[in-house]
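Participant: Quick one, what's the 3D model for this:
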Amino acid sequence: MNFSAMDHDDEVPASEKDEESISDDPPEIEGIEPETTGNSTWENKARQLMRQIVTQKVDLPISKLAAMIDDGEIDLAPTFQRRLRWTRSQQSRLIESVIMNVPIPPVFLGEYEPGKYLVLDGRQRLTALYEYLTGNFKLSGLEVWTELVGKKFSNLQKMHVQGLSSPAQAITRRFVPAVLILHESVPEVKYEVFDRLNTGGVIAEPMEVRNAIYYGPFNKLLHEASELEEFRRLWGIPLDTKGRERNGIYKRMADLEMVLRFFAFQDYKKFDGSLKVFLNNFMSKRNEEYTTNKTLLDKDHELFLETMKRVLFLLGDKALHRPISKDSVSKFPSAPYADAILYTVSKLSNEQITEKNGLKIRETLCNLCLNDKAFVKSITVGTNARTAADYRIETVVNAILVKQ
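Facilitator: Residues are numbered from 1 along each chain as shown. You can find the predicted model right below:
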């Protein structure tokens, strides 16, 4: 990248949030508890603090921004970023701010290979600038430069004021401040940087952070698996686009987290009680494994699809809603309950996938949820504890697999 250097001190500034608004509606899933890293010993904490974050501060020239994105130097990665986006009015107000020379908060870019950058924070700002420069929308909702409402960038280029910069020049002569998290920084550090950038204003969900940091073939599989009709039916995610975009699970990428949990809990014995670390490590490791084991991706895809089909066949659309009486289930599906069901069903033999066995499994699960207080506790209270995870999975395994 051919950037001009910025003359600032070495402290990385906190980003002022200007990302998209997210409604206050919670994800429509039960049992998702805050992800913590668990207790750290002094030694572990010291090692964590000594990790190096290699950064560089630069100015991105707006005049060259579109070319940088088109050439792949900056990857906006729309598929792997937050799903909500600014309205055209919000994008227009950013353009108006640039014309007015209002300072733009810095964007943060993560170098995933030399000279190639993913947007860790500020994608909406860069997307708005890119789409306007490339003629994708007209300005709307302006409060100061109302004369420019309805104008595309090409229209601004034709406007000239003697002795003054044209509106188009007022945009292209500006710069966007940026902080580069260089390739030398380890992925875990990039995660923490992204996480801390999103502690104020609009808070990024844990899966949104992973989505930006653990960019690779496994992350791509998570997206593809989450689009399966069987999966969406089980989690109550609308199949139509408009309904899906209003769904709390989809908006916060909790659907991707549920796919990730399915694969991670296939090896639940490695869960040590820190869900954040467990899922992070699994995602990072799986990305690496896909590069060395060419058949693993196909096996994972087949296992996931087959399990979703089995669960629908055996237990129906409400399979992941925990029974609260003989005739009713919880309003939302339960993530901890799903951990146990999905793991167990994935281990059933083909001969066990019958309607008769489905009835037996439903009765068994209903009995556990209504009569086993320890099991109910493991899916409703302290669900991120290792003992809770072990208990709920092994209880369902023993009740369904062992007793068959």
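
Participant: Double-check that V209 belongs to a helix.
Facilitator: Yes: with DSSP: H, G, I helix; E, B strand; the rest coil as the criterion, V209 is located in a helix.

Participant: Can you give me the separation between it and D121?
Facilitator: Between V209 and D121 the distance, using C-beta to C-beta, to the nearest Å, works out to 10 Å. All C-beta spots, glycine's among them, are computed from the backbone N, C-alpha and C.

Participant: ranges for the strands of the chain?
Facilitator: Using DSSP state E, the strands found in the chain span residues 4-5, 55-61, 74-75, 107-113, 116-121, 175-181, 323-325, 328-329.

Participant: Quick one: residues contacting M258.
Facilitator: Contacts for M258 were tallied using C-beta atoms under 8 Å, 6 or more residues apart in numbering; they are I29, S226, F231, W235, I249, A335, A338.

Participant: which one of the strands of the chain lies closest to V98?
Facilitator: Taking C-beta to C-beta, strand 175-181 is the member of the strands of the chain nearest to V98, at 8.7 Å.

Participant: Check the offset of that closest one from the chain's centre.
Facilitator: On the basis of C-alpha atoms, centre = their mean, to the nearest Å, the separation between the geometric centre of strand 175-181 and that of its chain is 22 Å.

Participant: try stretch 167-175
Facilitator: Mean-position distance between stretch 167-175 and its chain equals 33 Å (C-alpha atoms, centre = their mean).

Participant: What does the pLDDT read for N155?
Facilitator: With respect to pLDDT, N155 scores 92.

Participant: what residues are up against it?
Facilitator: Here N155 is in contact with no residue (C-beta under 8 Å, 6+ apart).

Participant: picking up where we left off before, between V209 and D121, which one's more packed in?
Facilitator: The neighbour count for V209 versus D121, taken as other C-beta atoms under 10 Å, is higher for D121 (26 against 23).

Participant: Could you measure from the more buried one over to A399?
Facilitator: Distance of D121 to A399, computed by C-beta to C-beta: 46 Å.

Participant: what does K116 give?
Facilitator: Distance, K116 to A399, using C-beta to C-beta: 50 Å.

Participant: Repeat that for R125.
Facilitator: The span separating R125 from A399 equals 52 Å under the rule C-beta to C-beta.

Participant: how close does the nearest residue to A66 once chain neighbours are set aside sit to Q266?
Facilitator: Closest residue to A66 apart from its sequence neighbours, by C-beta to C-beta, 6 or more residues apart in numbering: L133 at 4.7 Å. The span separating L133 from Q266 equals 46 Å under the rule C-beta to C-beta.

Participant: Let's check: the centremost residue of the protein is which one?
Facilitator: E208 (2.4 Å; C-alpha atoms, centre = their mean).
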